[in-house]
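S.K.: Let me see the structure of the following:
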Amino acid sequence: MSSSAVPNSGPAVPAVPAVPAVPSVRRSGLGWWMVLVTGAVGAAVVNLIVLAVATLAGASLVVVDGGAEHPITVGGVIGASVVPLVVGTGAALLMALWKPVFLRIGQYVGGGLALLSVAGPLSSGADGGTVVALALMHITLGVAVVTTLKLHRRHH
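M.R.: Have a look, this model is predicted:
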């Protein structure tokens, strides 16, 4: 007998069946409200950059409506960037708790409305720099809505 042989030490112990691996769920760590805040802050920051560039480029940043002049201010840009995004995207996120398809619908509706709203600056009669800046701000808001909802949809 060789030295590596082990004498029979009793009945064999049955093997424990392998537990199937549970697929890991990868999450962004951002809750719905964090995604919403991130989108709103991102849209406001980009639109403030557009405002700064338009100011440096010499745009008047004044819109005449009904004979009254309306200057485009930092506060106005922040409000016009944050409020529509929070209301629209927030509504889509809340409806998605009921039916997740509302995330996709919100992307189409929010992006589409933002693109349609570009008609306002284009027909405002303001100088070219102001029109371009306002149009870019509207497009930025549409991109922010689509991106915010996509980020939430991807990780939930």
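S.K.: looking at this, Val64 is in a strand?
M.R.: Yes: secondary structure of Val64 (DSSP: H, G, I helix; E, B strand; the rest coil): part of a strand.
S.K.: Can you tell me the element the residue nearest to it when sequence neighbours are not counted falls in?
M.R.: Distance criterion CB to CB, 6 or more residues apart in numbering; nearest residue to Val64, sequence neighbours excluded, is Gly125 at 6.2 Å. Where C-beta positions appear, they are placed from N, C-alpha and C, glycine not excepted. Under the criterion DSSP states H and E, no helix or strand holds Gly125.
S.K.: Next, Gly125: phi, psi?
M.R.: Main-chain dihedrals, Gly125, degrees, to the nearest 10: phi 80, psi 10.
S.K.: Start from the N-terminal end of the protein and give the strands.
M.R.: For the chain, strands defined by DSSP state E occupy the ranges 62-65, 68-71.
S.K.: send the alpha carbons of the last one over as CSV?
M.R.: It refers to strand 68-71. Taking C-alpha atoms only, strand 68-71 is exported to CSV below (Å, rounded to 0.1, in the frame of the first residue of the first chain):
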residue,chain,number,x,y,z
ALA,A,68,-42.4,96.3,-23.4
GLU,A,69,-38.7,95.3,-23.1
HIS,A,70,-37.9,92.2,-21.0
PRO,A,71,-34.3,91.8,-20.1
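S.K.: Pull out the buried positions in that strand.
M.R.: Residues of strand 68-71 classed as buried by neighbour count (16 or more other CB atoms under 10 Å): none.
S.K.: and if you look at stretch 106-113?
M.R.: Applying 16+ other CB under 10 Å to stretch 106-113 flags Gly106, Gln107, Gly110, Gly111 as buried.
S.K.: among the strands of the chain, which is nearest Gly120?
M.R.: strand 62-65 (9.0 Å; CB to CB).
S.K.: circling back: export the buried residues of stretch 106-113 to CSV and tack on pLDDT and distance to Val143?
M.R.: Below are the buried residues of stretch 106-113 laid out as CSV (pLDDT from 0 to 100; distance: CB to CB, whole Å):
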residue, pLDDT, distance to Val143
Gly106, 95, 14
Gln107, 95, 11
Gly110, 94, 10
Gly111, 94, 8
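S.K.: No further questions, thank you.
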